[in-house]
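Participant: only geometry, no sequence info:
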C-alpha cells in the first residue's frame, strides 16, 4: 500500500504513566520518540518533553497525597491512523518492559488541534 500525504493525520494522544522514576521514563520515551528528550526540574518535579516534525510529547509529574505518583503524558503524532496506533501500542509495550504501567487514548484532530468528531478515536490497547 502506498501512503500519500492525504493519508497523514494529526493524532493527539494522552495518558498516564505509573510511578515517579523519571530517569527510566525518560529513557523509554527517548527510545520511543527516536531522539533525545529534554528533562528539566520544575515546581512539581521532573518534566520530560520532546518535539520533532513527526512527534511531540510532554510528561509532567502528578504527586498528590491521596494518589500513587504518576505522570500525565500528552502529545501529537503526524502519521496515518494505523501507524499512530502501532506507535502508541509500542509505547505501552516499552513501558511494560520497563515496569511502568501505561494507559493511552487518542483523537484525530485537524492541523489546528480541533477534534474531527466524524473520525475515530479511542483507547489504545
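Facilitator: Thanks, I have it. In this text the structure is predicted, and so the values were computed from the model without any measurement.

Participant: mind listing what's buried in the longest helix along the chain?
Facilitator: Ranked by residue count under DSSP state H, the longest helix found in the chain is helix 81-97. Residues of helix 81-97 classed as buried by neighbour count (16 or more other Cβ atoms under 10 Å): 81, 83, 84, 85, 87, 88, 91, 92, 94, 95. Where you see a C-beta, it was placed from the backbone N, CA and C, and this is true even at glycine.

Participant: Save the residues you listed as TSV, and put in distance to residue 23 too.
Facilitator: Below are these laid out as TSV (distance: Cβ to Cβ, whole Å):
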residue	distance to residue 23
81	32
83	28
84	27
85	28
87	22
88	22
91	17
92	20
94	15
95	14
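
Participant: Mind putting those residues into TSV with pLDDT?
Facilitator: Shown next, in TSV, are those (pLDDT from 0 to 100):
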residue	pLDDT
81	88
83	93
84	93
85	92
87	95
88	96
91	97
92	96
94	96
95	96
